[in-house]
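Student: model this:
(2 chains, ligands or ions: 1)
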Amino acid sequence: MTKPTLATVWLDGCSGCHMSFIDMDERLLEIAERADIVYSPLVDTKVYPDHVDLCLVEGAVSSEDDLRKIKLIRERTGTLISFGDCAITANVPGMRNPIGVQPLLERAYLENVTLNPGAPTEVVPALLPMALPVHRVVKVDVFLPGCPPSADLIHQSLVDLLEGRTPDTRGARFGR
Amino acid sequence: MSSSKIVIDPVTRIEGHSKITIQLDDQGEVVDAQFHVTQFRGFERIVEGRPIHEMPSIMARICGICPVSHLIASAKACDQILAVVPPPTGIDLRRVLNLAQIVQSNALSFFHLSSPDLLFGFEADPEQRNIIGLARAHPQLARDGVGVRRFGQQIIEWLGGKRIHPGWVVPGGVDAPLEAETRDRILSTIPEAIAAIERALAWYKSSLVQWEDEAASFGDFRSAFMGLVDQDGNIDHYDGLLRVMDADGHYLADRIDPTTYTDYLGEAVEPWSYLKSTYWKKLGYPDGVYRVGPLARMIVAGQLGTPRADLELDEFRRRLGRVPSSSFHYHYARLIDALYAAERIEELLLGPDILSPRVRSFAGINSNEGIGVSEAPRGTLLHHYKVDDDGIVQWANLVIATGHNNLAMNRSVRQVAKRYVKSAQLTEPMLNRVEAVIRCYDPCLSCSTHALGEMALHLQLIGPTGTVLDEIRR
Ligand code: SF4
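Tutor: Below is the predicted model:
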C-alpha cells in the first residue's frame, strides 16, 4: 500500500504556523514515516503534485499569486486544512483591510525611503484589495485554529486525519 | 540580439518564499540575477492608531521564526517612549529569551535547512536533500538539530508561555519573574545543548575543505559588516552600540548610538522586490553594501566573552582571517553564535539576582518617540515609533535584518549564477547552488507566492522588441 501524501503551503502568513509544525520535534520525523511530505517549504519540490491527500495551508489569500495558487491547490488536494488563524480569519494580514492597498504601499515605499521611492511593480505579484480567509475563496475541509496552532494540536490532528477521523479542535485558541 | 531568463520559483528551504531570476545574454552568459521578495503586509501602516502597549505582540507577528527579536526591539522602543529603564533582572530575562531564540533559529537554519546540502552535496538527489533524508542518512546530526532547536524553543515556552508568539516581554521589562524551578529546569538542559552544538561544529570543520569551490563563489566579495557591540567592543545581542567594519578591518563607525541610525543608513526601493535595501549612506547606493547576522557578529566583535565560544572564534579567525569575505562562512559563524548563546544563557541564569521579583518598571507616556534595537538571529533589527500624548501610534518605521543583507544577497546570487549557470546545459545542481547561496544568509522573508503548477524552470527568449521568441518549460 502506498503512503498517503502530505503538503504544507505558506500563503500570507508569518511562517509561525510552519514553525509550530516543526515544533513537533521528533514527532515530525514520525509523521514523515507515516505520510510522504511531497510539497513543503522544507523539501525541494517546485511543482505542486497532481494529487495530494492532505494539505495544510498557512496564511490568508492576499495577492494575485496567492489566489492562483490556492485555486490550483484546491483542485489537486483531497483534504484541505486551514492551518492557523491567518488562514481561518485573515487575522494579522487582515489588519490592512480597512486601510486599503494604496496608503499601505505609500508608507513603506514613498515615505520611509531615502532613495528610489515608488511601490514595486515588476515581478512581484499585485496585492488584492483585501486579505481574505482561505474559505472565502475555496472550500475548506478542516480548520485548525491558533496563532499558531500548538504542536500538540497539529500532531493529534494529523494522526486523526491519517487514521480517517475528523480532528477535534474544540478548546484550541491562540495556540495554547 | 536576444536574451533569455531563468526563473527559480519558489526558492525552497529558506525561511519564507521568494523568486530568483537569472538573465542570460545571446551567448548564454549570465548578465544579471535578481532575488525577489514577493510578500507585503504593511506593518508600518497597520499599527497606526493602535496603543503602544499592543505593539510588541502585534509586531511579533511579523515573523514566526524570530518573533522574540521583534518583541524585544518593539518593547525597547516602547521603553524609550515611557522613558523608563527596566529593572536589571527584567533586562537579564529579556536577554535570556533573545539568546534562546538565537539558538533555535540558528539551529533551524543550519540543521533543518542547510545541512542537507552540506551532507549530501549540492549535486545530490533533491528527493533526499531535506531534514527527513538527513534523519535517514545521519541520524545523530538530525537528532542534534531537533534537540538544539527544541532547547531554544523550550526556554521560550517556559519563560513566555508558548513557543511561538509568546507574550511576557512588555514595555518596561517582562511580565512575570522567573521561578527557581524553571531556572533549574533550563540549567539542566544546557550541557546537552552545548555538547550537540560542539558535535556539529566538529563535523562542520572536518568537512570545511570540501566546499572550497563553493566558498569562493557563494557571495565572496569585499563589503562592510555591521553588528551590535557592548561598551568594550565585545558581542552584544540585546543592547549596545553599532559597529561597522570594512573589508580591511577598519571601522567605518564604531560604537555609535543606534538611535542615530538615519544619519548613517539609507533605505532604497527596487521596483522588482517588496524588500527594501539598506545601504551605508556615506558610500552611496549600491556601493554602501554591508552584511549583518552571525558572520557580521563574529567579525565586528572583539571577543565573545564565554570560554568555549571564544576558543571557537579564535580558531575561526585562524582558519579564515580577520574579515572573511565569503558568505558561505555564515554557516560556521551561526554555530559559534549558537554556542555563545547557550553558554551565555547559563551565565545569566546563574546570576545572583535572576529570581528577583522586580522585573518591570511602570510609567505613562513620557516621550513621543522611541527607537529599539536588538540583534535578531539574522542581524541588527530596528523599530522606530512616534506616538501622540496618549500613546497612540502615529508612525512607525522598521528596518529588518534581512533588508540590510538585501544588496549583498543580490550580489551573491549574481556571483553564483555567473560561476555555475551555463545556459547550454541547465541542470538542477546549478540551480540548487543559486538557491543555496541565499540559504547562507538565512533570510527571513515570511513571505509567499509563486506560480504553482507552472514548471519550476521557465526560460524565455525575448527579442529586441520585447516579444517572446521562444519559451521552454522544464
Ligand atoms: S496564524 Fe499567527 S502564527 Fe500563523 S501565520 Fe498567522 S500570525 Fe503567524
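
Student: mind listing the strands for chain A?
Tutor: Shown for chain A, the strands assigned by DSSP state E span residues A:5-10, A:36-39, A:52-58, A:61-63, A:77-83, A:127-132, A:142-144.

Student: can you say which of those strands is packed in most?
Tutor: strand A:61-63 (a mean of 28; mean count of other C-beta atoms under 10 Å in any protein chain shown). Just so you know, the C-beta spots here come from the backbone N, C-alpha and C atoms, and that holds for glycine as well.

Student: which of the strands of chain A sits closest to chain B?
Tutor: Chain B sits nearest to strand A:5-10 of all the strands of chain A, at 4.7 Å, using C-beta to the nearest C-beta.

Student: can you give me the angle that closest one makes with strand A:52-58?
Tutor: Between the axes of strand A:5-10 and strand A:52-58, defined by axes from the mean of the first three to the mean of the last three C-alpha atoms, to 10 degrees, the angle is 20 degrees.

Student: is any part of strand A:5-10 close to chain B?
Tutor: Yes: using C-beta under 8 Å from any C-beta of the partner chain, we find that strand A:5-10 touches chain B at residue A:10.

Student: dump that strand to CSV, keeping only the CA atoms.
Tutor: C-alpha atoms of strand A:5-10 as CSV (Å, rounded to 0.1, in the frame of the first residue of the first chain):
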residue,chain,number,x,y,z
THR,A,5,0.8,12.3,0.8
LEU,A,6,1.0,15.5,2.8
ALA,A,7,1.8,19.0,1.6
THR,A,8,2.3,22.2,3.6
VAL,A,9,1.9,25.6,1.9
TRP,A,10,2.5,29.2,3.0
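
Student: mind listing what the residue lying closest to residue B:173 once chain neighbours are set aside touches?
Tutor: In space, not counting the residues next to it along the chain, residue B:173 is nearest to residue B:90; the distance is 3.0 Å by C-beta to C-beta, 6 or more residues apart in numbering or on different chains. Contact analysis of residue B:90 by C-beta atoms under 8 Å, 6 or more residues apart in numbering or on different chains lists B:172-174, B:358-361.

Student: give me the residue from chain B nearest chain A.
Tutor: Proximity of chain B to chain A (C-beta to the nearest C-beta) peaks at residue B:64, 2.3 Å away.

Student: show me what contacts the closest residue in space to that residue that isn't next to it in sequence?
Tutor: Nearest-residue entry for residue B:64: residue A:16, 2.3 Å, with adjacent residues in sequence omitted and distances by C-beta to C-beta, 6+ apart. With contact taken as C-beta under 8 Å, 6+ apart, residue A:16 is in contact with A:84, A:147-148, B:61, B:63-65, B:67, B:164-165.

Student: do you know how far residue A:16 is from residue B:175?
Tutor: For residue A:16, the distance to residue B:175 (C-beta to C-beta, to the nearest Å) stands at 20 Å.

Student: returning to what we had before: separate out the buried members of the contacts of residue B:90.
Tutor: Neighbour counting by 16 or more other C-beta atoms under 10 Å in any protein chain shown classes B:172-174, B:359-361 among those as buried.

Student: as TSV, these with secondary structure and pLDDT would be great.
Tutor: Output for the buried ones among the contacts of residue B:90, formatted as TSV (DSSP: H, G, I helix; E, B strand; the rest coil; pLDDT from 0 to 100):
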residue	secondary structure	pLDDT
B:172	coil	95
B:173	strand	95
B:174	strand	96
B:359	coil	96
B:360	strand	95
B:361	coil	93
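
Student: now, which of these sits nearest residue B:23?
Tutor: Minimum separation from residue B:23 among those (C-beta to C-beta) is found for residue B:174, which lies at 49.7 Å.

Student: that closest one reaches residue B:161, doesn't it?
Tutor: No: Residue B:174 is not in contact with residue B:161 according to C-beta atoms under 8 Å; the separation is 11.4 Å.

Student: what residues are shared contacts of those two?
Tutor: residue B:168.

Student: show me where chain A dips below the pLDDT cut-off.
Tutor: Scanning chain A with the threshold set as pLDDT under 70 gives A:1, A:171-176.

Student: try 80 this time
Tutor: For chain A, residues meeting the criterion pLDDT under 80 lie at A:1, A:44-46, A:107-115, A:117-125, A:170-176.

Student: now the helices for it?
Tutor: Applying DSSP state H to chain A gives helices spanning A:16-22, A:26-34, A:64-76, A:85-89, A:101-106, A:151-162.

Student: among these, which is nearest residue B:75?
Tutor: Each of those was scored for nearness to residue B:75 using C-beta to C-beta, and the closest is helix A:16-22 (18.4 Å).

Student: could I get the buried residue list for the helix or strand hosting residue B:150?
Tutor: Using DSSP states H and E, residue B:150 sits in helix B:139-160. Neighbour counts over helix B:139-160 (16+ other C-beta under 10 Å) mark B:141-160 as buried.

Student: nearest residue to residue 151 in space, ignoring adjacent ones along the chain?
Tutor: This is for chain A. Nearest residue to residue A:151, sequence neighbours excluded (C-beta to C-beta, 6+ apart): residue A:23, at 3.8 Å.

Student: oops, wrong one, chain B.
Tutor: residue B:193 (4.1 Å).

Student: cool, residue B:56 as well?
Tutor: Of all residues not flanking residue B:56 in the chain, residue B:74 sits nearest, at 4.4 Å (C-beta to C-beta, 6+ apart).

Student: hang on, that neighbour packs against residue B:370?
Tutor: No: using C-beta under 8 Å as the test, residue B:74 is too far from residue B:370 to be in contact (9.4 Å).

Student: of those two, who's got more company?
Tutor: Each of residue B:74 and residue B:370 has its neighbours counted (other C-beta atoms under 10 Å in any protein chain shown); residue B:74 has more, 30 against 24.

Student: and the helix or strand the more buried one falls within, what's buried?
Tutor: For residue B:74, the enclosing helix or strand under DSSP H and E is helix B:67-82. Buried residues in helix B:67-82, counted by 16+ other C-beta under 10 Å: B:67-82.

Student: sorry, back to before: and the buried ones among the contacts of residue B:90, which two are the farthest apart?
Tutor: B:174 and B:361 (10.7 Å).

Student: which residues do those two both contact?
Tutor: With C-beta under 8 Å, 6+ apart, residue B:174 and residue B:361 have common neighbours B:86, B:90.

Student: just the endpoints, please. Distance across stretch A:15-34?
Tutor: Stretch A:15-34 has an end-to-end distance of 24 Å (C-alpha to C-alpha, to the nearest Å).

Student: and what of stretch A:34-54?
Tutor: Stretch A:34-54: ends 12 Å apart by C-alpha to C-alpha.
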